[in-house]
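Novice: Following is a predicted model, sequence given first.
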Amino acid sequence: MKHSLVLLATTLLTSYAQILRPEIVPYPQLDLSSFNNQEIGLLGDFDALSQYKYSGASNFTNQNNLTNNLYYTEGDNDRFVTLGEVDGSVSKILPITSDTFLLLGNFSSIGDHSVSAPAMFNITSNYFTRIDSNSSIDGSVTTGLYDSSENVIYLGGDFTFNDTSSAALYNLTSRSLQSTLFEGFDDNSHVNSIIKVGENIIFGGQFNTLGLPDLLSSTSDKSNISVTTDQLVSLKYATFSSSDDNSSPDSLACPVNGQEWSVSGSTAATLDIGLPYTVMPSKVRIYNSANNDSQIQLFRLITAPADSIMNLTYVDPATGEFAYCDAWCPLLDSNSLNDALEDTDAEDRVLPFGDTSLSWNANYQDFGFVNSLDVYSFIFQALQSYGDGISLAGFEIYQSSFPTYANNSLNEPACDSSASYSTTDLNGSWVSSSNGQYLMSTVDVTDGIPDVGVTFYPNITYAGEYSILMYTPGCSTDNTCDYRGIVNVTVYDEVTNEIIYTDEIWQTNTDEKYDALVYDHLDNPVRVEMNLMSTVLSGNQEQVVVVADRILTTIYSIDQIISHNGTVSINGIFEYSPSNFTSLDVSNITGSDFVGNTSINLIGASLSDDADIQLAYYHNRIYVGGDFESEYGDNFFAINVDESPSSNSTISANASSVNGGLDGAITDLQVVSNGVLVLGDFENTNNETEIHSLSGDSDGSFSGAAFNNGSWFSFGDVDSTSVANVTLKNNDYWVFDNQTWDAENSTWYSPSSLLAFNVSAAGKSGDNTLFVGALRTSDASGNKGFMLSNSTLAGNITSDALTNSTITSGWFINESLSVFGGDFVTQSGITNLFLKSGNETIGLDIDWDGNTTVSKLFSYGSKLFIGTTGGGSAGDHDFNGVIVYNLNNQTFQSIDSLDGPEVKVNEFGYLNRTYLVVGGEFDSAGSQDCSGLCFYNMNETTWTQLIDDFSGTVNTFRFLNNTLVAGGDFKYQNDDLNLFAYDFNSTNQEQPSHFADIDFEVKKMLLVDNTTSGRTIVSGESSISAYDGSSWHSISADLEGSTIEDIQLLDLESSNGMNNGSLFDSDQVLFVSGNLTISKYGYANVAYFNSTAWLPFIITTHERTTATISSIFMNKDQSALYVSGSLTNSTRPSTTSSSTPTSSTTGSEKEKSGKMDRGFIVLVSLASAVGTIGVIGAIGSFFLFKNKKQEYMPLEPRVNEMEMLDTVPPENLLKHV
């Protein structure tokens, strides 16, 4: 089959070889050991995020508005592939083979490639193939079916082709579109459904004749259907013995496994079969050996307890008539059977016999019992061989009256592959009787009657007249007469759940008895429930013994499912057997039976005229829906079929009512994993059967959509003309026109940040799924901020939901406390800023103006500095641009506001342990003119400008000891600059020459070597440049069209051999965030540069807008980058420390201090100890006296670790002594 499909490449229209096997994007192995909890964070405006695992993954975010695309996925939906936008519509996707799909609808292209319906798509060869390459189909193809036996695709719909109507076929072997052998249907016909049952094809639609009507003229006066109603006796627990102990007679328990009972070197042998219970056999089926030299020629059959030779009847293959035998019964060899097979028709090889039928074929012969008798043992005597040995391939026993045992082991078939057999379910605690044939349960009834019982499921496969008897063992056999009770027995119709019989049965009988439960016509299989009802004795009886043995089902007759000679009538249903047409000669049709009066054709003929039929095949039942009236129920009924292998090519079938049908027409039937979906214009069943509500909002009617799995279920008000079944993320969904049902969770589906989709057509074959629609999918929900570890998406920064919001900035304070800010309101009411401690989200009492957002965060010592884009009030102070918050005493400090048209703080730092350095977009601070960069003296609480002739916008800066390095768009001494360096210990401010080479506004900056002359990386709004120590290099060519928000260098677990270290170290990788478009990969929100190429890392999505990641949160202490050393230039303003420094002391400072006397050392130690105790005491006092009425959570007081560890200056120490 695969070879023939590969040959379709000659009609190739489109190749997607690279698309269906997308490139796997490598995941960098980051070394995050220096970060708190070994995690970093992503901050921005997004609802969900995914790791970018393969090329094309960005097609499944809402950044790419793909609404009518063809998608492919395999396995557990870990990867999706977009095959292109569909120009038109796809109405159905039907699986052809495990790797090929048929696309139906009305479309002219997919993506950039011309392909029209009907078309095939092959996963293995990655080709689209147009079936109707010559545009010879006039009309619409609406359904199809692949027949693997013939290697053809049957097409149906409302169309004409080659002067035939409504049906055609595509031959995969010859790669040609052809008419069907019966030349379609009548001119005004259409086909809605095509199904395959057994080896036959069944068409459903609206038609009443064939394109070749002569095929419907039948000359046969014999039935072309044989029905086997008796059932196979299981030999699983039978005992086998043989005259030759080495002959493996027990291999006959399951003859399909290829083994044989074989006795070599002898032309006569004996086989004994002992049954675990008594049966009344109707016939035996004997499979002669496949070995010509060991085939048996004569045999006899002896049974016990009769201990006599059986009188048997069989169909003589030579005459087609009954023959009889007893002591010398013949078996034909395989050559004789094959010769006779060629000279007879299938219908001549089977004859009715009593309650059963006898037949033969190339492998077996049936022998019926002339007399009815009980048997528990068989002795098969092989009397003569065609060769030198004795072998038997199979020995099967059938019975017309068949038991269903409470002991389910006795019901089990000998062959595990048996599709249909009787079963039993037990409820309660049961043990076997002494003889092992029935079960007993001793029930404690002191606290009432518990739920104890047995449910029998007899294997009833045909509608007809039946009797069902229940056998109850006598109490004298187990001495339980004083403890027996009363059981309730109820017989239910398995399809409709209607009660057929119910009554009480007393189990106090001394000897075995039977009770008649059913003697009636049965349309469907039944179940028999027996449950303990009460005790016999009133009063204080503490125990009851319940017994369960078997029920016995007897078949008296089955419904008429066959007809005889005459003209075959068809009406909306047509059963087509391809094997009947192998000898078709269109010029001479007379006298041959190509189309028979099959039961399925006859059922269709019995419907009201011009019936319009939909078909679905599920669990050996053909569901027939549409617009019609019938004796089985209007608009909906079922046909029970038997697909068991037989000697003929027809299907045994009988129609049965499904709750009287429906009260309106059905427009679509679709099989899903556990039942059938029904769409149409109907409200109820015709016999008002109970309707269960799936959605919880049903008023007891269907409203045009239903689900049936033996019971009826309503979805509520669903207005839909079609439904698509698709499996995504291991969930099964039923997609109606305007709603989608989540079948796994039994609820209406609502789009989420993890999965949002709309599907118009879908098909699944094995692990491969193809569907049309729109899709957005993500790995995890993202609440504007998300933490990442090296191998996983760790989780949201906060569980307090943020909506219509963005987090723009974050700052690590210590291992137990971080702060985050932006433009948001959390579900609990926190606005724009929160502190995160463990799992707690803590807000501050700040009143924000309407358009104010948090743009930058920084902490130094006990102070938290909050930069904003607007104003508000905090405590008793108004602010605009900067808020200062004391983490120790939870108070706000007043600071003069920044001023300008659009105030925005981009960066904070700390200079000489005194000055808060603020960079951003503003014109002045308080009364001080300072554009873009200003200094706030924390001791004197005044703004000042320490750098003359500077103006513009500062987006970022870093301190290199006493040198400030800034990036932005500014002027210094009338020079336009984007990079700027200023040494506070120097009077000669000369700019590094390479700084002038940057011709774009710098947004972010990385000083790789922590010098102004070393390796440097800067980013603008859409570009990134790297300095290698001698020249600049643009590294953003593959990011054209991107918006860059942040850049960071992260360590790798091992060195990258491809990185020569010219731009950054070989054990580092450059990360960038924003809205990125990466050549070869498409959209992403985080990417990384490995020194040679850009690779995508993270994609985010947003329900209503474009998602973005504003910054990469470095989850560790970063203060050293923003704090200067001590100033030594006497030309600079005098400073007095208000807090100890957070960076290490410079070399010059160490030289000035010199050696410290031993007394000072003691004093320093004493001061450190006293300070530590004081801090601990302050923490305890705070929690004791805190104001519990505050709306926000108090913080744990903290002194910077460096304040406790650094050397204390002597002057500070002596001041307090």
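Specialist: Sure, I can see it.

Novice: what bits of the stretch 1-150 of the chain have low per-residue confidence?
Specialist: Applying pLDDT under 70 to the stretch 1-150 of the chain picks out residues 1-21, 57-66, 77.

Novice: all helices for it, in order.
Specialist: Secondary structure of the stretch 1-150 of the chain by DSSP state H, counting those that start in this stretch: the helices cover 2-6, 17-20.

Novice: what do you get for the chain?
Specialist: 2-6, 17-20, 334-342, 599-605, 1147-1153, 1158-1185, 1201-1205, 1210-1215 (DSSP state H).

Novice: Of those, which shows the lowest average pLDDT?
Specialist: When those are compared on mean pLDDT, helix 1147-1153 scores lowest, with a mean of 31.

Novice: residues in contact with N886?
Specialist: 862-864, 892-893 (C-beta atoms under 8 Å, 6 or more residues apart in numbering). C-beta: built from backbone N, CA, C; applies to glycine.

Novice: give me that answer again for 6 Å
Specialist: Shown in contact with N886 (C-beta atoms under 6 Å, 6 or more residues apart in numbering): S862.

Novice: roughly how far apart are it and D272?
Specialist: With distances taken as C-beta to C-beta, to the nearest Å, N886 is found 99 Å from D272.

Novice: Ok, M470 next?
Specialist: 32 Å.

Novice: Between those two, point out the one with more neighbours.
Specialist: M470 (23 against 18; other C-beta atoms under 10 Å).

Novice: quick one: the more buried one and Y438, what's the gap?
Specialist: Computed as C-beta to C-beta, the M470 to Y438 distance reads 12 Å.

Novice: State the number of residues packed around H692.
Specialist: By the measure other C-beta under 10 Å, the count of residues near H692 is 11.

Novice: Check the gap between the closest residue to it other than its chain neighbours and D948 for me.
Specialist: The shortest distance from H692 to any non-neighbouring residue, by C-beta to C-beta, 6 or more residues apart in numbering, is to F713 (4.9 Å). Going from F713 to D948 by C-beta to C-beta gives 81 Å.

Novice: Also E396?
Specialist: Where D948 is concerned, E396 sits at a distance of 108 Å (C-beta to C-beta).

Novice: before we move on, what about L83?
Specialist: Distance from L83 to D948, by C-beta to C-beta: 64 Å.

Novice: Comparing those two, which residue is more hemmed in?
Specialist: Higher neighbour count among L83 and D948: L83, with 21 against 8, using other C-beta under 10 Å.

Novice: what residues are up against the more buried one?
Specialist: 70, 72.

Novice: ok, now D1028?
Specialist: Going by C-beta under 6 Å, 6+ apart, the list of residues near D1028 reads 1062-1063.

Novice: at 8 Å what do you get?
Specialist: 1015, 1062-1063.

Novice: List buried residues within those residues.
Specialist: Among the contacts of D1028, those classed as buried by 16 or more other C-beta atoms under 10 Å are 1015, 1063.

Novice: V284 reaches Q399, doesn't it?
Specialist: No: the criterion here is C-beta atoms under 8 Å, and V284 misses it with Q399 at 10.5 Å.

Novice: Hmm, Q670 and Y623 touching each other?
Specialist: No: look at Y623 against Q670 with C-beta under 8 Å: they stay out of range, at 10.1 Å.

Novice: what touches both of those two?
Specialist: 616, 676.

Novice: what's the burial count for the closest residue to P95 other than its chain neighbours?
Specialist: Excluding the flanking residues, the one nearest P95 by C-beta to C-beta, 6+ apart is S765, at 3.4 Å. Other residues lying near S765 total 18 when counted by other C-beta under 10 Å.

Novice: So S765 versus L172, what's the distance?
Specialist: For S765, the distance to L172 - C-beta to C-beta - is 15 Å.

Novice: And G633, by the same measure?
Specialist: From G633 to L172 the distance is 39 Å (C-beta to C-beta).

Novice: cool, and D250?
Specialist: 45 Å.

Novice: How about S750?
Specialist: From S750 over to L172 (counting by C-beta to C-beta), the distance is 42 Å.

Novice: Could you check which of those two has the larger neighbour count?
Specialist: L172 (24 against 8).

Novice: just checking, the more buried one touches V152?
Specialist: Yes: using C-beta under 8 Å, L172 is in contact with V152, at 6.5 Å.

Novice: Give the residue spans of the stretch 351-500 of the chain that score low on pLDDT.
Specialist: 416-420.

Novice: pretty sure Y364 is touching I286, no?
Specialist: Yes: Y364 is within contact range of I286, at 6.2 Å (criterion: C-beta under 8 Å).

Novice: So for the two, which residue has more residues nearby?
Specialist: Neighbour tally, Y364 and I286, criterion other C-beta under 10 Å: the higher count belongs to I286, 24 against 20.

Novice: circling back to that earlier point, tell me the residues that contact both of Y364 and I286, please.
Specialist: Joint contacts of Y364 and I286 (C-beta under 8 Å, 6+ apart) are G394.

Novice: which stretches of the stretch 901-1050 of the chain form strands?
Specialist: For the stretch 901-1050 of the chain, the strands defined by DSSP state E, counting those that start in this stretch cover 904-911, 915-921, 924-925, 928-929, 933-937, 942-944, 950-960, 963-972, 975-983, 1004-1007, 1016-1019, 1024-1027, 1032-1034, 1043-1051.

Novice: Please name the strands paired to the longest one in the sheet, noting orientation.
Specialist: Strand 950-960 has these partner strands in its sheet, going by DSSP bridges: strand 963-972 (antiparallel).

Novice: Can you give me the buried ones in the partner strand?
Specialist: For strand 963-972, a neighbour-count test (16+ other C-beta under 10 Å) marks 963-970, 972 as buried.

Novice: Quick check: the two most widely separated of the residues you listed?
Specialist: Greatest spacing in the buried residues of strand 963-972, by C-beta to C-beta: T963 and D969 (20.3 Å).

Novice: which non-adjacent residue is nearest the residue minimising distance to the centre of the chain?
Specialist: The residue lying closest to the centre of the chain (C-alpha atoms, centre = their mean) is N730, at 1.1 Å. Distances taken as C-beta to C-beta, 6+ apart place D76 nearest to N730, at 5.9 Å, with adjacent residues excluded.

Novice: who touches stretch 406-422?
Specialist: Applying C-beta under 8 Å, 6+ apart, the contact partners of stretch 406-422 are 231-232, 234-237, 253-254, 256-257, 276-277, 402-405, 423-426, 430, 432, 436-439, 454, 456-459, 461, 548-550, 620, 644.

Novice: Please determine how far the residue nearest to the centre of the chain is located from T769.
Specialist: 12 Å.

Novice: Over to Y54?
Specialist: 16 Å.

Novice: which of the two has more neighbours?
Specialist: A count of neighbours by other C-beta under 10 Å puts T769 above the other of Y54 and T769, at 22 against 17.

Novice: show me the contacts for that one.
Specialist: So T769 contacts 72-74, 77, 726-727, 762-763 (C-beta under 8 Å, 6+ apart).

Novice: Return the set of residues that bridge with it.
Specialist: Assigned bridge partners for T769, using DSSP bridges, are T73, K764.

Novice: And Y127, how far from T100?
Specialist: 10 Å.
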